[in-house]
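Visitor: What shape does this take:
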Amino acid sequence: MAFIYYADDEQEIRDVVSSFLISEGHEVTTFENGDLLFKAFQEKECDLVILDIMMPGTDGIGILQKIRGISKVPVILLTAKDTDADYYNGLALGSDDYLTKPFKPIMLSAKINALMRRIRFENEDRSTDKKTDLICGNVRYSYVKHELAVNDRPLSLTPTELKFLIYMMEHFEEAVSKEVVLETIWDINHDIESRVADETNRRLRRKMTAAGADIYVQTVWGYGFKLTKRGDR
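Guide: Numbers count the residues shown, from 1 in each chain. Model prediction:
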């Protein structure tokens, strides 16, 4: 069960989706625009945010930017505009998933459940004292603290970015197929074409470089990804 904030200016869709999610066991608070959602979020954070992109006032992309300025909460974007620009902007700014209207509420529920499973997995890792820290180059991840650090300085990442990096750190210097990454991190079937892994890696690489990390996730063209030290080939 998740505590969800959901903003959509179309009341009929808002009512149908929220009713379905409530029937699935989630607690849902709805808003007719993103500005009202962000105001509520500043007062009390939730477990997950669902944002329609096209809304009066500040659009979904703008609200996503505001949320990312203060929180790493998982965010799912909804839009009726199935364009490359929408997809790219949402992923580039830190959304965790994306769904194009019209959609079946059960598809949204599946994405929510996948994100919440990922959060539960991370919380389980955080509580364990059996795993040693992951260390790759000057980057360290503490399972106990649930904290990533570069040169002993904490680095803030979104849940999806962190999950992706931890997985790659666990497979340091191994080439991992894109299909495996999509299925493991996003629960996306490999038959579905998706650039979500590429965009997440682009975001992650920018943050890691700015923090002075001496490792990065290299794209293995035609295959997938490989975490390696800078300068290695």
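Visitor: What residue spans form the domains of the chain?
Guide: 3-118, 129-229 (automatic domain parsing).
Visitor: How far does the first one sit from its chain's centre?
Guide: Using Cα atoms, centre = their mean, to the nearest Å, the distance from the centre of domain 3-118 to the centre of the chain it belongs to is 12 Å.
Visitor: how long is it end to end?
Guide: Domain 3-118 has an end-to-end distance of 15 Å (Cα to Cα, to the nearest Å).
Visitor: Looking at that domain now, give me its mean pLDDT.
Guide: Average pLDDT, domain 3-118: 87.
Visitor: sorry, back to before: just put the domains of the chain in TSV and tack on mean neighbour count.
Guide: All C-beta spots, glycine's among them, are computed from the backbone N, C-alpha and C. As requested, the domains of the chain are arranged in TSV below (neighbours: other Cβ atoms under 10 Å):
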stretch	mean neighbour count
domain 3-118	18
domain 129-229	16
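Visitor: Would you map the strands across the chain?
Guide: Ranges of strands in the chain, per DSSP state E, are 3-7, 27-31, 48-52, 75-79, 97-100, 134-136, 139-142, 147-150, 153-154, 175-177, 215-220, 224-229.
Visitor: Put together a markdown table for those strands, with distance to residue 208 on each row.
Guide: Output for those, formatted as a markdown table (distance: least, Cβ to Cβ, whole Å):
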| stretch | distance to residue 208 |
| --- | --- |
| strand 3-7 | 30 |
| strand 27-31 | 34 |
| strand 48-52 | 25 |
| strand 75-79 | 21 |
| strand 97-100 | 22 |
| strand 134-136 | 11 |
| strand 139-142 | 8 |
| strand 147-150 | 7 |
| strand 153-154 | 12 |
| strand 175-177 | 17 |
| strand 215-220 | 6 |
| strand 224-229 | 10 |
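Visitor: so which of these comes closest to residue 116?
Guide: Within these, the stretch nearest residue 116 is strand 48-52; the backing value is 7.1 Å (Cβ to Cβ).
Visitor: strand partners of the closest one, parallel vs antiparallel please.
Guide: Its sheet considered, strand 48-52 pairs with strand 3-7 (parallel), strand 75-79 (parallel) by DSSP bridges.
Visitor: Can I get that strand in PDB? Just the C-alpha atoms.
Guide: Presented in PDB, the C-alpha positions along strand 48-52 are these (Å, rounded to 0.1, in the frame of the first residue of the first chain):
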ATOM      1  CA  LEU A  48       4.700   8.300  -4.700                       C
ATOM      2  CA  VAL A  49       3.600  11.200  -7.000                       C
ATOM      3  CA  ILE A  50       1.500  10.800 -10.200                       C
ATOM      4  CA  LEU A  51       1.500  13.900 -12.400                       C
ATOM      5  CA  ASP A  52      -0.400  14.700 -15.600                       C
END
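Visitor: And the contacts of it?
Guide: 2-10, 17, 34, 37, 41, 60, 63-64, 67, 73-79, 108, 112, 115-116 (Cβ atoms under 8 Å, 6 or more residues apart in numbering).
Visitor: Just want the angle from it to strand 27-31.
Guide: For strand 48-52 against strand 27-31, the angle by axes from the mean of the first three to the mean of the last three Cα atoms, to 10 degrees is 30 degrees.
Visitor: of all the strands of the chain, which lies closest to residue 199?
Guide: Among the strands of the chain, the nearest to residue 199 by Cβ to Cβ is strand 97-100 (10.1 Å).
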